[in-house]
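Undergrad: after the sequence you'll find the predicted model.
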Amino acid sequence: MNVAKAGSKFIYLNDLMRFLREDQALKTMALLVGTPGDEKVNKAALKTWVVNAFRERKALALTLNDTKTAVNKLHQMVNVLVGIIIVVICLLVLNIATSKFLLFISSQIVVVAFIFGNTCKTIFEAIIFLFVMHPFDVGDRCEIVGVQLIVEEMNILTTVFLKWDNEKVYFPNSTLSTRAISNHYRSPDRWDSIDFFIHITTPPDMVAVMKQRIINFIESKKDYYYPNDITVVSLKLEDISSIKFHIWWRHKINFQDMGERFIRKGVVIDEMVRIFKEHDIEYRLYPVDVNIRNMPPPVTSSRVPQTWEALR
């Protein structure tokens, strides 16, 4: 209402340049619509940006809260350790601690280190993982051992994740420090791909038309995809009767919002199916193997003799 002209349903680049420098206006336009070339912003794009910004700020607030809690626990542990050191130093300064007393204390320390050595090592590894490595924050979508999880809570010793069905999973931080972790939120704009098969008898000119139509469709969605990062290639001959094709393109989002990724990919698949049907192309989007394990019992008929004796 304050930026767009009266009666206009869009905010244009010139409208932003009344308040911002040209470089700032271009950056703002890129944030709102994702494509600097589209010099207009509608209400839906602005609403989407505000919602995403709110989600990011909420995740940041949760991260800071969990980090503050972890720091407070770490501060308490350090206070206890410093307090013990101060008591020992005071005993030495006041000549209260004798050599026998120090020998007794050192022997007890050795016993405690033997008993709690692994625990202290685990705590140290968890602290290094949480504050030094720091591979994720609250709200990040991560992939660990092939399973996608969302970070729910971060503690000194454990991290709580959520699965797609909101099942909570607790991972020790010392274990996470030894595993490969994929962070979708911190990743740049991601690539996507689809494999499909068409019959080998499909005419080459029809295959060329099919490729071009798929590329043109993805390029037309420049709000969603990078128009210059699209490739459709034939990979190999499959089962003598089919040719395997591979298409990959680059989204203008990472895969933090996996639902949005599937929606955009589904739009491409729907368009591909429509193209195949229009050109009467026999296709498969993925191979289907049928394995017969149990054969049905043979059907017997009372009208046919079953034994040689009956024939005689």
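TA: Looks like it came in fine.
Undergrad: and residue 147, how far from residue 162?
TA: Distance, residue 147 to residue 162, using Cβ to Cβ, to the nearest Å: 11 Å. (C-beta placed from N, C-alpha, C; glycine too.)
Undergrad: between those two, which one's more packed in?
TA: More crowded of residue 147 and residue 162, by other Cβ atoms under 10 Å: residue 162, with 15 against 11.
Undergrad: ok, then the element right after the longest helix seen in the chain?
TA: Assignment by DSSP state H gives helix 43-93 as the longest helix of the chain. The C-terminal neighbour of helix 43-93 among helices and strands, as given by DSSP states H and E, is helix 99-127.
Undergrad: how about that next one: buried residues?
TA: Within helix 99-127, the residues scored as buried using 16 or more other Cβ atoms under 10 Å are 122-123, 125-127.
Undergrad: helices along the stretch 151-300 of the chain, start to end?
TA: Chain-ordered helices for the stretch 151-300 of the chain, with DSSP state H, counting those that start in this stretch as the definition, fall at 173-176, 204-220, 258-278.
Undergrad: got any ranges where the stretch 51-200 of the chain has weak pLDDT?
TA: When residues are selected by pLDDT under 70, those of the stretch 51-200 of the chain lie in 62-71, 73-74, 96-99, 101-102, 113.
Undergrad: coming back round to it: make a markdown table out of the helices of the stretch 151-300 of the chain and add mean neighbour count and distance to residue 72.
TA: What follows is these, written out as a markdown table (neighbours: other Cβ atoms under 10 Å; distance: least, Cβ to Cβ, whole Å):
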| stretch | mean neighbour count | distance to residue 72 |
| --- | --- | --- |
| helix 173-176 | 19 | 17 |
| helix 204-220 | 15 | 50 |
| helix 258-278 | 14 | 33 |
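Undergrad: of these, which is nearest residue 138?
TA: Closest approach to residue 138 among those is made by helix 173-176 (14.1 Å; Cβ to Cβ).
Undergrad: ok, and what's touching the closest one?
TA: By Cβ atoms under 8 Å, 6 or more residues apart in numbering, the residues outside helix 173-176 that reach it are 122, 125-126, 129-130, 135, 144, 155-159.
Undergrad: and those, which of them are buried?
TA: Buried residues within the contacts of helix 173-176, counting neighbours by 16+ other Cβ under 10 Å: 122, 125-126, 129-130, 135, 144, 156-159.
Undergrad: want to throw the helices of the stretch 151-300 of the chain into JSON lines with distance to residue 227?
TA: Below are the helices of the stretch 151-300 of the chain laid out as JSON lines (distance: least, Cβ to Cβ, whole Å):
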{"stretch": "helix 173-176", "distance to residue 227": "39"}
{"stretch": "helix 204-220", "distance to residue 227": "4"}
{"stretch": "helix 258-278", "distance to residue 227": "14"}
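Undergrad: closest to residue 2 out of these?
TA: Closest to residue 2 of the helices of the stretch 151-300 of the chain is helix 258-278 (Cβ to Cβ; 29.2 Å).
Undergrad: start to end distance for stretch 141-150?
TA: The first and last residues of stretch 141-150 sit 4 Å apart, counting by Cα to Cα, to the nearest Å.
Undergrad: how about that stretch, which residues are buried there?
TA: If you call a residue buried by 16+ other Cβ under 10 Å, then stretch 141-150 has these buried ones: 141-142, 144, 149-150.
Undergrad: among those, which one lies nearest to residue 259?
TA: Scanning these for proximity to residue 259, where the rule is Cβ to Cβ, the winner is residue 141, at 10.8 Å.
Undergrad: who are the contact partners of the closest one?
TA: Neighbour list for residue 141: 148-150, 183-185, 255-256, 258 [criterion: Cβ under 8 Å, 6+ apart].
Undergrad: and with 10 Å instead?
TA: 148-151, 161-162, 182-187, 254-258 (Cβ atoms under 10 Å, 6 or more residues apart in numbering).
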